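**Q** Got a predicted structure plus its sequence, pasted below:
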Amino acid sequence: MIHLDAGLIGLLVGSGFIASCINAVAGGGSLVSFPALLLAGYPALVANVTNTVAQVPGYLSGAGVSRALLEDQRARIRRIAPVAIAGSVCGAFLLTRTPSGAFRAAVPWLVLASAAMLAAQPRLARRLSAGERRAKPSPLLLVSQFAAAVYGGFFGAGLGVVLLASLALFLSDSLHRLNALKQFLSLLINLVAALWFVAFANVAWAAAAPMAAGCLAGGVAGGVLARRIAPSLLRTLVVALGVAVAVRLLI
């Protein structure tokens, strides 16, 4: 049993707040909240499960801020949501069947992969903008969303980046509308995985509760900050943090 003093509780609340703000602005917020749980002393597998559960309120508030942009995307949601749910269940199932030691060994590489995806996001977006895209979901979009949901159910850091890249590749629409759709799908994938973990995994509730409170506030604040903070600067800081965490876990 890990004793959480006032300092650690403050760390969890603050990291949850910052993570949800980052998710709203650039994506990759779990590269802040997940290491905070490791720093608090939780094993990697427990930290990942707890982080997923704690992130739900942040995704909920973030999606709520963007709900006006989802009103006329209901047909897309009806097609993509079942695929996202199925992928999230598969990813969460795989995680609960992964030995703790194996997951701990994979964590640095998962963090590095997340940081790399976040760093590549602007270049990828520019290349995708020149491609031929559709207004409606295609089979390839559904396949890519399933793969992203599996990843999100298993680990989740950088999920928003993967989802947005997939949506931008196959759908012709404004970035703001696609980002709103990404927020909703992130909420759905995270919620399904969280429910699975509550039922079948070890959630550190003493840490999840304060972090969830920070995430809830951060999701709301992120919608405001997204219009005031340069995404490029925030992205650079988060990528640097991700690399530093991965290196620390490897040595």
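**A** Okay, I see it. Numbers count the residues shown, from 1 in each chain.
**Q** Please export the C-alpha coordinates of the helix or strand of the chain at the bottom of the mean pLDDT ranking as PDB.
**A** In the chain, the helix or strand scored least confidently by mean pLDDT, DSSP states H and E is helix 231-250, which has a mean of 73. Output of helix 231-250 as PDB, limited to C-alpha atoms (Å, rounded to 0.1, in the frame of the first residue of the first chain):
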ATOM      1  CA  PRO A 231       0.600  24.000 -30.000                       C
ATOM      2  CA  SER A 232       4.100  23.800 -31.400                       C
ATOM      3  CA  LEU A 233       5.700  25.000 -28.100                       C
ATOM      4  CA  LEU A 234       3.600  22.700 -26.000                       C
ATOM      5  CA  ARG A 235       4.300  19.700 -28.300                       C
ATOM      6  CA  THR A 236       8.000  20.300 -28.100                       C
ATOM      7  CA  LEU A 237       7.900  20.300 -24.300                       C
ATOM      8  CA  VAL A 238       5.700  17.200 -24.100                       C
ATOM      9  CA  VAL A 239       8.000  15.300 -26.500                       C
ATOM     10  CA  ALA A 240      11.100  16.300 -24.500                       C
ATOM     11  CA  LEU A 241       9.400  15.000 -21.400                       C
ATOM     12  CA  GLY A 242       8.500  11.800 -23.000                       C
ATOM     13  CA  VAL A 243      12.000  11.200 -24.200                       C
ATOM     14  CA  ALA A 244      13.400  12.000 -20.700                       C
ATOM     15  CA  VAL A 245      10.900   9.600 -19.100                       C
ATOM     16  CA  ALA A 246      11.800   6.800 -21.500                       C
ATOM     17  CA  VAL A 247      15.500   7.300 -21.000                       C
ATOM     18  CA  ARG A 248      15.100   7.300 -17.200                       C
ATOM     19  CA  LEU A 249      13.100   4.000 -17.400                       C
ATOM     20  CA  LEU A 250      15.800   2.400 -19.600                       C
END
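**Q** which helices and strands does that helix pack with?
**A** helix 6-25, helix 30-39, helix 100-129 (3 or more Cβ pairs under 8 Å, 6 or more residues apart in numbering; DSSP states H and E). Where C-beta positions appear, they are placed from N, C-alpha and C, glycine not excepted.
**Q** which of those helices is buried the deepest?
**A** helix 30-39 (a mean of 25; mean count of other Cβ atoms under 10 Å).
**Q** and the helix or strand just after that helix, C-alpha only, in CSV?
**A** Next along the chain after helix 30-39, taking DSSP states H and E as the criterion, comes helix 44-65. The C-alpha atoms that make up helix 44-65 are tabulated as CSV, following Å, rounded to 0.1, in the frame of the first residue of the first chain:
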residue,chain,number,x,y,z
ALA,A,44,4.0,0.4,-14.5
LEU,A,45,1.0,-1.9,-15.1
VAL,A,46,-1.0,-0.4,-12.2
ALA,A,47,0.0,3.1,-13.2
ASN,A,48,-1.2,2.5,-16.7
VAL,A,49,-4.6,1.1,-15.6
THR,A,50,-5.0,3.9,-13.0
ASN,A,51,-4.1,6.6,-15.6
THR,A,52,-6.7,5.2,-18.0
VAL,A,53,-9.5,5.4,-15.3
ALA,A,54,-8.4,8.8,-14.1
GLN,A,55,-8.4,10.3,-17.6
VAL,A,56,-12.1,9.6,-18.2
PRO,A,57,-13.4,12.9,-16.6
GLY,A,58,-10.9,14.9,-18.6
TYR,A,59,-12.0,13.4,-21.9
LEU,A,60,-15.6,13.8,-20.9
SER,A,61,-15.2,17.5,-20.2
GLY,A,62,-13.1,18.0,-23.3
ALA,A,63,-15.7,16.3,-25.5
GLY,A,64,-18.4,18.4,-23.9
VAL,A,65,-16.6,21.6,-24.9
